[in-house]
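S.K.: Need coordinates for the following:
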Amino acid sequence: MARCLLVGISLGSVVSCTVLTLSSVLLAYAVTSVQPEAYMDEIFHVRQSLSYLSGNWSSWDNKITTPPGTYVLFVVFYRIGAWLHILPVSPNMIHFRCFSALVSTLNYYVLSLIIPRLTGKHPQMLSLVLSTNPVLFFFSAMYYTDQCALFFLLSTVYFSLRSWRFPSAIACACGIAVRQTNVVWLLFSLGVIASNHVGEVLFGNHKSANSPTWIKMLLHSVARQPWKFIYTALVGCLTCYCHLIVALLFVLFVFWNGGIVLGDRSAHRAVLHIPQLWYFCMFCSACTPISFGLFVLRFLERYRRLALRTTLKFVVYVCLFLILVCFIVLTQAHLSFVHPYLLADNRHYTFYIWRRVINRTPLVHYSFSVVYALCFVYWLSRLFPSRAMSFQAFVEHTAIVLCTCACLIPAHLLEFRYFLLPYTIWRLYSSEKPSYLLVELVLNFVVIVVTVYLFLVRPFYWTSEPGVLQRFMW
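M.R.: So this is what the prediction gives:
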């Protein structure tokens, strides 16, 4: 395993990784220079970590809603550093933030291992683009749980792609210990490993065949020997018994805890918030502007050609799109939830996006349904670009859709950080041209500069808390 983790490290990867690490550390120092105290959620994370560092493992801050995995990992790293006399006995704020920068470096490294096993195209560039996503990169300089949650998810994906069952289950368990919603990606890991087994048994040498071929073979197998198909699927799942044990332990935790959320449950109750999926698809589209823009042009051109050549097909396509738009309108009207935090906290960009863009007026609010529909079709088209998909690819991409829905739809609060994990997985399974990646990298840099400038240079005050600086952030 160790040899596999070291194969493929090029000079370009080392240089990119070094630049990314230095940038994250410098940003952490810049943030600490103007904000030497913990800010926003950092207050709770730092306080809990200090409690663990002092040896008090029984105390718990009820304001924290996620498990203590990040704090335990920080304590382990810090204790090792202190034992080696690299770090002081007691940590400062910069140590917490540099910990996130260190984990972001690990994320870049794991990304560079995963990409060659999937698309295999431009691993260094795509790893850099994903690592410098403005939202994710900002939290490489803040002591939040996002970087650790992503690290364990990426580790789970990598081990699953190599069919390493036990390491993937352990990585997924660690991810759940950082953030509960990581449990949904257990299904993805299970699907990746089990589909490989099922494909080998049912299709043999044809397991990499395109959709028409394996669908015919699957239907033929089910029609002739239905019990064999069921048996093969069950055996495929049972080969992942480690994953099933992790799932069972999580269920026991939920029963013991009386729910999924730790701490302040009133502010983080689960709801059927289907519009979260539309917001997420728009986020994905905004993060890939060149591809999305070209998709819209091709989409309109296709409809124009259909209108000129085949009227019936054009009518069918228009009706399908209108049905999707109507469904989105209904979800906006009846299943849209506005969290009190979204309306009250003007330190987050989502506060302004919601009030001044998405929910500016009722007309604007519902007019966005057309945009959401386009973004949703674009998001799906990147996962299912053609009918020529192998059985395993189809299962993996379907699992991404299911896991994304399970991860986002129960969330009450509109928060860009919640989008980072499903967005990263989506990007890993969809290819991109190098010129597009270069444009994305430049745009990432521009957005990072603007948002960091606003955080560092443009603080403001609340009348309710005079003398306390507030700062803009994701």
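S.K.: so Tyr349 touches Trp474, yeah?
M.R.: Yes. In terms of CB atoms under 8 Å, Tyr349 counts as a neighbour of Trp474; the distance is 6.0 Å. Just so you know, the C-beta spots here come from the backbone N, C-alpha and C atoms, and that holds for glycine as well.
S.K.: The two: who's more crowded?
M.R.: Legend: neighbour count by other CB atoms under 10 Å for Tyr349 and Trp474, higher for Trp474 (21 against 15).
S.K.: What residues does that one make contact with?
M.R.: Residues in contact with Trp474 (CB atoms under 8 Å, 6 or more residues apart in numbering) are 134-135, 138-139, 348-349, 416-417, 451.
S.K.: now swap in Ile400 and tell me
M.R.: By CB under 8 Å, 6+ apart, Ile400 lies in contact with 188, 383, 422, 425-426, 429.
S.K.: Could you check how many residues crowd around Arg458?
M.R.: Neighbour count of Arg458, defined by other CB under 10 Å: 9.
S.K.: Now the phi/psi pair for it, please.
M.R.: phi -120, psi 60 (degrees, to the nearest 10).
S.K.: thinking again about what came up before, tell me the residues that contact both of Tyr349 and Trp474, please.
M.R.: 416, 451.
S.K.: now the contacts of Trp474: which count as buried?
M.R.: Buried members of these, scored by 16 or more other CB atoms under 10 Å, are 134-135, 138-139, 348, 416-417, 451.
S.K.: count of residues packed around Ser13?
M.R.: 18.
S.K.: give me every residue that touches it.
M.R.: 109, 112, 123-124, 127.
S.K.: Same question for Phe250.
M.R.: Neighbouring residues of Phe250 by CB under 8 Å, 6+ apart: 176, 183, 186.
S.K.: ok, now Phe460?
M.R.: Phe460 neighbours (CB under 8 Å, 6+ apart): 469-471.
S.K.: Show me what it bridges to in the sheet.
M.R.: Beta-bridge pairing of Phe460 under DSSP bridges involves Gln470.
S.K.: confidence score at it?
M.R.: pLDDT for Phe460: 93.
S.K.: Use 402 as the first number for this chain going forward.
M.R.: Done: numbering now begins at 402, and the last item shifts to Phe861.
S.K.: quick one: Leu744 from Asn845, how far?
M.R.: 29 Å (CB to CB, to the nearest Å).
S.K.: Between these two, point out the one with more neighbours.
M.R.: Asn845 (20 against 12).
S.K.: List the buried residues of the host helix or strand of the more buried one.
M.R.: Element membership for Asn845, per DSSP states H and E: helix 835-858. For helix 835-858, a neighbour-count test (16+ other CB under 10 Å) marks 837-838, 840-841, 844-845, 848-849, 852-853, 856-857 as buried.
S.K.: That one: how far from the chain's middle?
M.R.: Centroid separation for helix 835-858 versus its chain: 19 Å, with CA atoms, centre = their mean, to the nearest Å.
S.K.: quick one: contacts of that helix?
M.R.: Contact with helix 835-858 is made by 428, 431-432, 435, 522-523, 526-527, 529-530, 533-535, 538-539, 688-692, 750, 833, 872-875, as judged by CB under 8 Å, 6+ apart.
S.K.: can you count the residues close to Cys418?
M.R.: For Cys418, using other CB under 10 Å, the count is 20.
S.K.: That's all I had, so thanks and see you.
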